[in-house]
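In: Could you work out the structure for the sequence below:
(2 chains)
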Amino acid sequence: MNNSTDSPGGFLGANNLGGFGYGVGVSVGILLLITTITLASYYCTRTVDPAPQQQRNIINVHRRRASRDGARAAADAVVVDVGLDEATIKSYPRLLYSEAKLRSSGSTASCCSICLGDYKGRDELRMIPDCGHLFHHECIDPWLRMHPTCPMCRNSPMPTPMPTPLAEVVPLATRRD
Amino acid sequence: MIDFGRVQKELQECSKDSQASGIKVSPKADNLARLVGTIPGPIGTPYEGGTFQIDITLPDAYPFQPPKMQFATKVWHPNISSQSGAICLDILKDQWSPALTLKTALLSIQALLSAPEPDDPQDAVVAQQYLKDYQTFVGTARYWTETFAKTSALGVEEKVQRLVEMGFLESLVRSTLDAVGGDENLALEKLCSA
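Out: This next block holds a predicted model:
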């Protein structure tokens, strides 16, 4: 009886022990699972996150550099007149003084306002489009390489690149107000 | 390289009508890169009656770069430094054009004397005085003209020499000329009555 009662007790105990072991195993398993998941997620987030952060930094740097370049370009545009390129200068009409005199009867100036020298019949002149002012081509070309304006009237013979910056500047100015 | 041919022509043009305009330009040395300009003070301004000398230095790229101009005569004006004589004028900076000449630049400076621009000052102290206390400004400008732009005018030495030849002491002649603002006749009267 005792045996019989013991054995089931022992059996029960063994059962209990087995149940306990199972429980411990399951709980350890769950713990392991949780730690793996947390570790995995930690590693995942650590390896995944830095990339966008770096990218973000790079974008920021790009943006900063772009804005800095933009500001510098704008400052340059304000301070330094960019002259005309050789092709544009060469595209302006070149004519002899004798021809110019015939073309516009009487209204042609008799001397170059850059070197103050009187024109002679064979002198080669350059005419600025739009305003039609004339200069010795060897006098006006170096000026046009530095400044895109007519020395007489300050008109720019070039299609001005002003509209775009102005369009950007005006809304900024109004927003600041 | 400076276009000396052009500078020569400018000097000729200037001397032709210096009687009418009152503006003179003469070379300092014989290399034509350093010159002295002279402008009369505009009538109806505190600078009236003064003769102002302006030091001119031509840069290598003249006439593609503006001439450097600076008052050698002390002048009290919002756009001219009362210390150094530096001039704040756009055509001497970014608004220069090779179609302008030394004479037109000097004419512009003369126009600047008539029409100060205190909102774009070179001398902040003078500009403040011009804006806040115009009467004092006029007084100071006139006093500076009397003190610096008259005795330093060209020909003082000649006046001194003439008066000395009349038998007056040179030191006395100089102090009297200074006292009357460089007027030879007034100085003579004073010397005779003394």
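In: Which pLDDT value belongs to B:Gln128?
Out: We have a pLDDT of 96 for B:Gln128.
In: what's it sitting at in phi/psi?
Out: B:Gln128 has phi and psi values of phi -60, psi -40 when expressed as degrees, to the nearest 10.
In: what about the one residue sitting closest to the centre of chain B, distance to chain A?
Out: Central residue of chain B (C-alpha atoms, centre = their mean): B:Phe52, 1.5 Å from the mean position. Relative to chain A, B:Phe52 is positioned 25 Å away (C-beta to the nearest C-beta, to the nearest Å). C-betas here are computed from N, CA, C, even on glycine.
In: host element of that residue?
Out: Secondary structure assigned from DSSP states H and E places B:Phe52 in strand B:51-57.
In: Buried residues in the helix or strand following that strand, which are they?
Out: For strand B:51-57, the following helix or strand on the C-terminal side (DSSP H and E) is strand B:68-71. Across strand B:68-71, burial judged by 16 or more other C-beta atoms under 10 Å in any protein chain shown covers B:69, B:71.
In: got it, and stretch B:5-15?
Out: Neighbour-count burial for stretch B:5-15 flags B:6-7, B:9-11, B:14 (criterion: 16+ other C-beta under 10 Å).
In: from the middle of its chain, how far away would it be?
Out: Offset of stretch B:5-15 from its chain centre (C-alpha atoms, centre = their mean, to the nearest Å): 20 Å.
In: Now tell me what touches it from outside.
Out: Contacts of stretch B:5-15 with the rest of the structure, by C-beta atoms under 8 Å, 6 or more residues apart in numbering or on different chains, involve A:114-117, B:23-27, B:32, B:58, B:62-63, B:101-103.
In: Weed out the non-buried ones from these.
Out: Listed as buried from these are A:114-117, B:23-25, B:32, B:58, B:62-63, B:101-103; burial here means 16+ other C-beta under 10 Å.
In: closest to B:Arg142 among the residues you listed?
Out: Of all the buried ones among the contacts of stretch B:5-15, B:Ile23 has the smallest distance to B:Arg142: 21.9 Å, by C-beta to C-beta.
In: Which residue is the nearest non-sequential neighbour of that closest one?
Out: Closest residue to B:Ile23 apart from its sequence neighbours, by C-beta to C-beta, 6 or more residues apart in numbering or on different chains: B:Leu106 at 5.0 Å.
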